[in-house]
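In: coordinates for the following, if possible.
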Amino acid sequence: MFPPPIGPELAPDVARRLDDIYFAADPLGYFTARISSLLNGLISEHVDDEPQPASEPSQFDKLVGEVAKTYRSPTLQARRLQTAIDAFAVRHHAAETLLRLAYVLIRRRNGLGRPSVWADVEATPTAMGDVLKGIREGFSINADRWEQFRDLVYPADATNRDDPNIISGVTTFAEWFNFSIQLFEQGPLDVSAAHNKFKHGLGVRIRDDYLVTLVTGGPDERGYIPQSALKGDGAVNLFDRTVLQFLATPGPRKQGSALESTTLRLSPDVLLAQAALIAHTYAAMFCIAAKAHFNARSNRHDVDAGDDCQESPVLTYPGLLVNGPLPEHITIGKALVGMRQPLTQRQDRSDAREAALFYADGSWQTFKVTGPARTGRVVDG
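Out: Numbers count the residues shown, from 1 in each chain. Coordinates of the predicted model:
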């Protein structure tokens with residue numbers, strides 16, 4: 001219970017109590033449990049494990065009635081697609097969580113913010129672009145960005161900070177921090193837009209029946225193309241697994257931006273590996289901030305009488321990731337990530353961005369459709 005408010009600012013004792021609550025959380029436990037459930041989904045997608053009806057109806061069954069069996073027996077395809085898109089979502093969730101906490105801690109180091117870290121997290125900007133801007137501005141105050149970051153994820157008073165293993169582990173965290181920033185930057189391939197379309201109304205299509213293959217020759221005069229032509233040396237599969245498709249208009253809408261269609265390849269194992277390493281980075285940052293709070297809390301001599309500060313929780317530091325894995329270790333550099341295609345011109349009739357293919361190493365190549373569309377049928381041969 002908190003005392004009644006006495007003004008627009010948080011009272012110091014209330015701010016301390018709020019952070020007692022916030023920093024006693026187990027954020028890594030949340031992400032490990034969520035990632036684990038999705039990994040279990042990847043395993044079960046290969047097994048026809050039709051759930052057995054319970055001997056006694058659960059509370060859920062009693063509340064929803066006959067429709068309960070629909071939710072207890074999703075198809076294997078539905079579970080596979082849900083696992084893929086949730087793997088994509090948890091990676092973005094972990095990255096956003098990390099960046100918002102970093103935004104708060106960097107600003108507080110520079111003397112900005114409320115008396116409570118939790119209250120500062122609540123007040124982070126809605127737009128991730130503003131969060132990224134705040135992070136860049138905060139780091140720019142001090143020339144040594146790496147040292148600033150090290151103090152966020154490793155104890156500032158540690159005596160072994162120049163140990164090669166410590167440097168390697170902090171560098172790994174820094175690489176995953178930079179990777180998280182890249183996920184939210186509005187570049188030529190805006191994966192953040194895909195996440196927004198997913199969480200705001202499920203305005204995406206997740207599918208596993210989408211095959212796009214480039215071949216050197218097209219259908220013959222009868223409209224037939226032999227199956228062997230799709231599997232030979234001259235054939236390249238662009239999309240041959242679960243994909244996420246979404247529509248977006250990059251740039252301010254008032255400028256009449258062109259509508260684009262984007263297709264992303266989803267590899268759940270890769271997405272979950274990335275999510276886990278981002279979550280590990282976040283857990284280290286959270287733990288350092290929590291220890292700083294509770295150390296300051298226990299050293300205070302002006303704590304109000306009757307304050308409910310108990311013994312500080314023991315937060316376990318997740319450990320450094322020495323020698324990686326780094327982002328480039330998780331994916332093949334030239335693995336295809338996605339494809340962007342314009343659907344309309346801009347409202348002023350100027351050309352939209354060119355169609356392009358994007359790769360895991362950050363490179364991309366544009367392409368242009370020059371011939372007329374042709375319909376064919378794949379036949380044996």
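
In: hey, where'd the strands end up in the stretch 101-250 of the chain?
Out: Shown for the stretch 101-250 of the chain, the strands assigned by DSSP state E, counting those that start in this stretch span residues 204-207, 212-214, 224-226, 236-239, 243-248.

In: mean neighbour count, the ones you listed: which tops it?
Out: Using mean count of other C-beta atoms under 10 Å, the stretch among these with the largest mean neighbour count is strand 243-248, at a mean of 20. C-beta here means a position set from N, CA and C on the backbone, and glycine is covered the same way.

In: ramachandran angles for the closest residue to Pro268 other than its chain neighbours?
Out: Nearest non-adjacent residue to Pro268, counting by C-beta to C-beta, 6 or more residues apart in numbering: Ala87, 4.1 Å away. Main-chain torsions, Ala87, degrees, to the nearest 10: phi -60, psi -40.

In: which stretches of the stretch 201-350 of the chain have low pLDDT?
Out: 252-255, 298-314 (pLDDT under 70).

In: redo that, cut-off 90
Out: Scanning the stretch 201-350 of the chain for pLDDT under 90 picks out 211-238, 240-241, 249-258, 295-316, 331-335, 345-350.

In: quick check: Phe31 touching Leu98?
Out: No. In this structure, Phe31 is not within contact of Leu98 by C-beta atoms under 8 Å, at 10.4 Å.

In: centre of the chain to stretch 216-234, how far?
Out: Distance of stretch 216-234 from the chain centroid (C-alpha atoms, centre = their mean, to the nearest Å) equals 39 Å.

In: for that stretch, list every residue counted as buried.
Out: Across stretch 216-234, burial judged by 16 or more other C-beta atoms under 10 Å covers 219, 225, 229.

In: before we move on, back to that, could I get the strands of the stretch 101-250 of the chain as a markdown table with distance to Arg297?
Out: As requested, the strands of the stretch 101-250 of the chain are exported to a markdown table (distance: least, C-beta to C-beta, whole Å):
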| stretch | distance to Arg297 |
| --- | --- |
| strand 204-207 | 44 |
| strand 212-214 | 57 |
| strand 224-226 | 71 |
| strand 236-239 | 53 |
| strand 243-248 | 44 |
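
In: quick one, which of those gets closest to Val67.
Out: Evaluated with C-beta to C-beta, the strands of the stretch 101-250 of the chain place strand 204-207 nearest to Val67, the distance being 22.8 Å.

In: so who does the closest residue to Arg205 other than its chain neighbours touch?
Out: Computed as C-beta to C-beta, 6+ apart, the closest residue to Arg205 that is not its neighbour in sequence is Gln245, at 4.4 Å. Counting by C-beta atoms under 8 Å, 6 or more residues apart in numbering, Gln245 makes contact with 204-207, 210, 261-264.

In: now the residues you listed in TSV, with distance to Ser58?
Out: Below are those laid out as TSV (distance: C-beta to C-beta, whole Å):
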residue	distance to Ser58
Val204	31
Arg205	32
Ile206	28
Arg207	32
Tyr210	37
Ser261	42
Thr262	40
Thr263	39
Leu264	36
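
In: nearest to Thr370 among the residues you listed?
Out: Ser261 (18.8 Å).

In: may I have the beta-bridge partners of the closest one?
Out: On the basis of DSSP bridges, Ser261 is bridged to Leu247, Gln341.
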